[in-house]
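1. sequence-free structure coming up:
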């Protein structure tokens, strides 16, 4: 099969409309219903209105604990003229008891004086007082709930009360999901070959189906073979309402999905003017919709949500639950080409009275951005991106309440920040979102008031001190607090056994050694430059100086798995990966907190988490840190 | 056992606090966790942070379909000076393919010209372009999600990608629910005895547990016998984390719950200063919480939500999902005694720029108000109720979007309104909420702009016409539209075979005949008064004139099930209950729509639903209606 480089560029709404019209013509949206026991119906959607089969109460009932009387026998009773009703003219009743026809009122037990000769009452009862009439709750024949209603806990118990034993509900829609790709494997293995990918998209899509109220059926992985993919589609077709083919929808050589759809049915769309998700496929086979979703997880999620969710809800007959939205200002410029609907995942936090949206890495291959994200920014086709600070509307995938209890920290990365995230969340109900922009990036974010606090380890070449001089220079007009989190060992990470025998910074100039660097502005990069300068080495002498990673763990991973021989990073990252470590320096890693941006409660929670035994315990397990300054306030900058 | 009339009146917060402290002391909130396969973990909550067990990608990967090259071999390539790279110096790659160590860049397929001697390129590749580094998505050892995190679709697939096969999650909390009461039966039967009640509360509480993420285990119904209830508690105790005893918690003679709790453990609270729900019980048995919930469904729901939900979420380690709230104005005065926390179920609709909350019947025995309600109004202990029009905060149990698409109709009741509700919901996405306040009540609601439209059947004694003269009198300054819905047969509903031989209005004066009337302001009541006057009968001549029901079906139910011999109502209600019908009159039932309160779209939907074939079909099946005017605009009142 030859490369099909040119897929189309159809606007999203046009594709959605085309798809819906085609399915309408196929009569696909007509509902299938089934009759199920009411006690199994929680969460299901009614396909018909449900009428009460009996009245409740079905008899005249007492609404109180007390005595049933004939109201006329109480007329004239007052405190000064109590009336005694003999035992054969009243009936003791509890709430819900039947009140026989000869009585027409109930007197509360608190208002009755029980005497040997009968009951004494001091107030007349008016007719029908404290009596529940037949059908007060439900009347036989009354509509309890209309069609297209979700049966929740209240509906369920009301149906039982109304004598409804079976209920006609919308049949669950069946979605067949076929993962395709010769590179895919079913389970992660300890030693995976380069090029092997663990198949996980189908589980994400199945989980989405489950949350939307559909049933997902997963086919086994199918390798890139047009005949096998075709056979898989034919296999699932009879039992499925919707067929989803995962991956294989790009313009790569292994793109068989569109060919299979064309062969078995009608290919409606191949290629959308949307990013990510461009190579999406829409078609109809045997009057049933087929969606080809791209292989990258962020693309797969987006395409599935934009194209499967609306048709599933439409077929179920209920409105799509609307996500919460927030008006935010965007933290940085986002370019986007005209003519493309772009979707950018973001974090959101409140900074003083602003809600700020922080764009996440736009790589569609990064499943972890879906996990980290708080919502999505849609840049419409007619728009050409956003300037930093621009107003934008964020569609949330968390509750606004969760956003309100979020602290954000932009700055240098350290493993111990993860411990803070965990402790703050479980012990203090504070959600901490962390993004790694390096120490200098952190200082710039503080300066622009875009982060509540920042992790910093910036060495002052002249004083040998950390952070303070930088902060004094860049944040002269703000109130801030410098708190030590940890001191940490920096060193050269090497393969187990240190095969190249690297002992110090000088050894990096060895041409055999391939170095992996950190990004500009990272404290570790500054430390390296300082060490190189002290050693009289020029960066150009270091093989790999220009290749950058953004975290300590990523540096360690590059050494462990492929290509690189060494990189400067903290001890903990070497240990996490089972690598060796050549110690070079101990540095201070502090948090600079903007006093005006955090509430007193937030500050208390943050300091309590840093100073907690649990934090220290986790850090000590990790190794490579010193805690003698941990939690100490090193500097307070007031105005 | 003697009557224990005096239960305490503890403020809600005090009871919640006492309960939480006691459970804290019992160490009940400490989490139980379990290790489960990640593929079964959707919706579960992490008990520990989850770290990546492998990096993704675990190899240097191509980010594009194209060719892998050594970037240095491309330097200098331009449109005017293309470079040809021979076949043995590049490698064709697809997205996700491994890029071996000898290459350091990928060129997109669109930018490559394949020639027999190699590939021609016209632009230099910079180092590491379109190459995904190891761990770009996830790095081994990185925290993917912290503790106390709900595993959703994105988390699930990210965990699979990260090689996590098992995950430690919070064990589901087990809630044992014991329904008690000698009056309870398991299933509705065709001929239930007076005093028998279908047990349904336990299913509501079980469903709530399921929605909150707990497991509910239902015990069989236990009759009112202290020994048997005690035995039931002992039976469920070993396997339950929380024990809920339904009903039996009032001051009635059959109140054994508090006695059992005292005997087996510690009774903490019996009686709360809250309405409904006063007779709630809190206790601890064997270090486990016990809640006694009252028997009325609205009380049971409230007590369970206020007392079980917070402790369940606290034990699960996650925040209670916050319900949406709306600021509304209340449609009518709500008195409430000082010193009691009162909870009032309400409907909510937007009327022009106001959100109006309509209090529902406060009877705690009415399960259908839970179904109908959109939210709850909390009147705090320190407050003495609300005046009509007062501002109030409503905690919603529906989405604000659902509220926004709600139309409200206050007025006279007719069965055909249910068909409109059903058709508007499923065909037009309009939610119609109907409350029966009678025709005159409807006119008053229109006058106060509290309803979008009203169903009316008000006979003008002088002209013999319906509705128009009333509307002209009461709504002179508003724009309105009068649309006919149906013409309907009114008549006397009698038992099958008409045992008393009732033929006309005169027969109502027969002393053997017990009449059931409609409430004041109901069109049917006005019709009766008109007919009585024409027949020269005084209301006092009618036995039962003062006993009122609020709907046609309730009148029919009173005739069918107990006590009453006849009542004036529409044919459809007689038919629904299998009763006989003595025709008396045909009347017009119109809808008066306030033109300024409904949008053009809403008006279109409403008229389309009225004029639909489906509506007419349903009405004809019902019988007793005439449709010759259905959907006709009878009058337009413009200003």
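-> Thanks, I have the structure now. Not measured: the values here are computed from a predicted model.

2. which stretches of chain A aren't confidently modelled?
-> For chain A, applying pLDDT under 70 flags the ranges A:1-6, A:248-254, A:562.

3. tell me the domain ranges of it?
-> A:12-29+A:173-188+A:195-316, A:33-56+A:137-170, A:61-132, A:325-394, A:431-637 (automatic domain parsing).

4. Using a markdown table, lay out the ones you listed together with mean neighbour count and distance to residue B:402.
-> Heads up, the C-betas are built off the backbone N, CA and C, glycines and all. What follows is those, written out as a markdown table (neighbours: other CB atoms under 10 Å in any protein chain shown; distance: least, CB to CB, whole Å):
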| stretch | mean neighbour count | distance to residue B:402 |
| --- | --- | --- |
| domain A:12-29+A:173-188+A:195-316 | 20 | 14 |
| domain A:33-56+A:137-170 | 22 | 11 |
| domain A:61-132 | 17 | 31 |
| domain A:325-394 | 18 | 16 |
| domain A:431-637 | 19 | 28 |
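
5. Could I get those in JSON lines, plus columns for distance to chain B?
-> JSON lines is the format used below for those (distance: least, CB to the nearest CB, whole Å):
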{"stretch": "domain A:12-29+A:173-188+A:195-316", "distance to chain B": "4"}
{"stretch": "domain A:33-56+A:137-170", "distance to chain B": "3"}
{"stretch": "domain A:61-132", "distance to chain B": "4"}
{"stretch": "domain A:325-394", "distance to chain B": "4"}
{"stretch": "domain A:431-637", "distance to chain B": "3"}
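
6. Let me know which of those domains is the nearest to residue B:450.
-> Nearest of the domains of chain A to residue B:450, taken as CB to CB: domain A:33-56+A:137-170 at 22.8 Å.

7. Okay, now the closest one: how far is its last residue from its first?
-> Using CA to CA, to the nearest Å, the end-to-end distance of domain A:33-56+A:137-170 comes to 4 Å.

8. How about stretch A:73-83?
-> First-to-last distance for stretch A:73-83 - CA to CA - comes to 9 Å.

9. My guess is residue A:100 contacts residue A:69. True?
-> No: judged on CB atoms under 8 Å, residue A:100 makes no contact with residue A:69 at a distance of 11.6 Å.

10. Residue A:214: what's its closest spatial neighbour, skipping adjacent residues?
-> residue A:173 (4.4 Å; CB to CB, 6 or more residues apart in numbering or on different chains).

11. quick one: contacts for the one you found?
-> Going by CB atoms under 8 Å, 6 or more residues apart in numbering or on different chains, residue A:173 touches A:213-215, A:241-242, A:312, A:315-316.

12. Check residue A:160 too.
-> Shown in contact with residue A:160 (CB under 8 Å, 6+ apart): A:38-39, B:188, B:198-200, B:203.

13. I'd like a version of the residues you listed in CSV, one that adds secondary structure as further columns.
-> Putting the contacts of residue A:160 into CSV (DSSP: H, G, I helix; E, B strand; the rest coil) gives the following:
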residue, secondary structure
A:38, helix
A:39, helix
B:188, coil
B:198, strand
B:199, coil
B:200, coil
B:203, helix
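
14. mind listing the strands for the stretch 101-250 of chain A?
-> A:105-108, A:113-115, A:118-121, A:131-132, A:143-145, A:166-170, A:174-179, A:184-185, A:197-198, A:215-218, A:242-246 (DSSP state E, counting those that start in this stretch).

15. other SSEs contacting the fifth one?
-> So the one you mean is strand A:143-145. Applying 3 or more CB pairs under 8 Å, 6 or more residues apart in numbering or on different chains; DSSP states H and E, we find strand A:143-145 packed against strand A:50-51, helix A:153-161, helix B:367-372, helix B:415-428.
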